[in-house]
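here is my input; please provide its structure:
(one chain, ligands or ions: 2)
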Amino acid sequence: MKTLEKKELRKIYIDKREKLTEEERERLSKKIVEKLFSLDLKGFKNILLFCPFRGEPDITPLFSWVIREGKNLILPRVEGKNLKLIRVKDHESLSPGAFCILEPKEGEEVKPEEIELSLIPGLLFDKRGYRIGYGKGYYDRLLAKLGGLRVGVCYEFQVVEEVPRDSWDKPVDLVVTEEKIYEGGKEK
Ligand code: ADP
Ligand code: MG
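Numbers count the residues shown, from 1 in each chain. Ligands and ions are numbered 1, 2, ... in the order given. Next up is the predicted model:
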């Protein structure tokens with residue numbers, strides 16, 4: 001078990017992320033969104049995104065893009081120990097102005113197997129796509145079933161050579177930061 005090591009790292013990286021100013025977070029988020037658009041996203045229909053939480057990169061410009069392109073915008077909702085995936089139809093109703101909510105309340109459920117592209121938040125990723133989250137294993141349980149291309153999203157300072165790994169940890173396929181795209185341990 002890498003529980004202690006992971007716990008220490010969580011503390012350090014939550015702290016580092018909280019030190020980002022709002023301006024810095026905005027600046028880096030815009031670059032991350034540009035990098036994400038540099039991937040060829042046209043072919044994906046069922047797209048799982050996330051609402052930025054506690055200083056995570058703001059990827060909400062992708063929400064409008066998904067809707068505009070007639071693709072399916074899917075967001076996770078915590079249900080007990082699992083993340084339920086909800087197709088959000090009326091994004092206007094998500095929240096006044098800000099267009100982001102913590103969790104979608106209404107909408108049809110989509111099976112993880114049906115997702116074609118997912119963006120996965122994390123506190124720390126390594127270059128092979130292994131991830132440390134907040135410590136509840138939600139995304140590990142989801143990744144075990146999630147189809148399609150799975151893309152970790154974080155700031156460059158959250159990428160390290162190797163994160164401590166437990167048997168249940170599941171890697172993502174790509175990690176995208178404001179500077180780089182990592183795939184299989186290397187820069188793409
Ligand atoms: P995180 O990925 O959020 O950083 P951990 O990898 O430490 O957190 O996992 C937290 C907990 O989630 C662990 O106690 C682990 O037993 C549980 N867990 C992870 N994946 C699964 C799974 N596929 N099935 C059941 N429990 C899981
Ligand atoms: Mg894990």
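
for this structure, just list every one of the helices.
3-18, 22-37, 61-68, 138-143 (DSSP state H).

redo the ones you listed as a markdown table? Include mean neighbour count.
Every residue, glycine included, has its C-beta placed from N, CA and C. Shown next, in a markdown table, are the helices of the chain (neighbours: other CB atoms under 10 Å):
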| stretch | mean neighbour count |
| --- | --- |
| helix 3-18 | 14 |
| helix 22-37 | 15 |
| helix 61-68 | 16 |
| helix 138-143 | 18 |
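
quick one: closest of the ones you listed to ligand 2.
The minimum distance between ligand 2 and the helices of the chain falls on helix 138-143, with 4.4 Å, by CB to the ion.

the closest one near ligand 2 at all?
Yes - using CB under 5 Å from the ion, helix 138-143 reaches ligand 2 at D140.

so what touches that helix?
76, 78, 81-83, 112, 120-122, 131, 133, 150, 168-172 (CB atoms under 8 Å, 6 or more residues apart in numbering).

hmm, 6 Å instead?
Identification of contacts with helix 138-143 by CB atoms under 6 Å, 6 or more residues apart in numbering yields N82, L83, I120, G133, W168, D169, K170.

ok, stretch 62-79 next?
For stretch 62-79, using CB under 6 Å, 6+ apart, the contacting residues are 45-49, 83-88, 91, 103-104, 110.

buried ones only from the residues you listed, please, as a ChimeraX command.
Under the burial definition 16 or more other CB atoms under 10 Å, those of the contacts of stretch 62-79 that qualify are selected in ChimeraX by:
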select :46,47,48,49,83,84,85,86,87,88,91,104,110
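
still on that earlier bit, quick one, which of the helices of the chain is nearest to K186?
helix 22-37 (15.9 Å; CB to CB).

and the residue of the chain closest to ligand 1?
Closest contact between the chain and ligand 1, by CB to the nearest ligand atom, is at G137 (2.1 Å).

give me the pLDDT value at that residue.
As predicted, G137 sits at a pLDDT of 95.

residues near it, how many?
Number of residues near G137 (other CB atoms under 10 Å) recorded here: 17.

can you give me the strands in the chain?
Secondary structure of the chain, counting by DSSP state E: strands at 46-48, 72-79, 82-87, 108-110, 117-121, 124-126, 131-132, 149-153, 159-160, 174-176, 181-183, 186-187.
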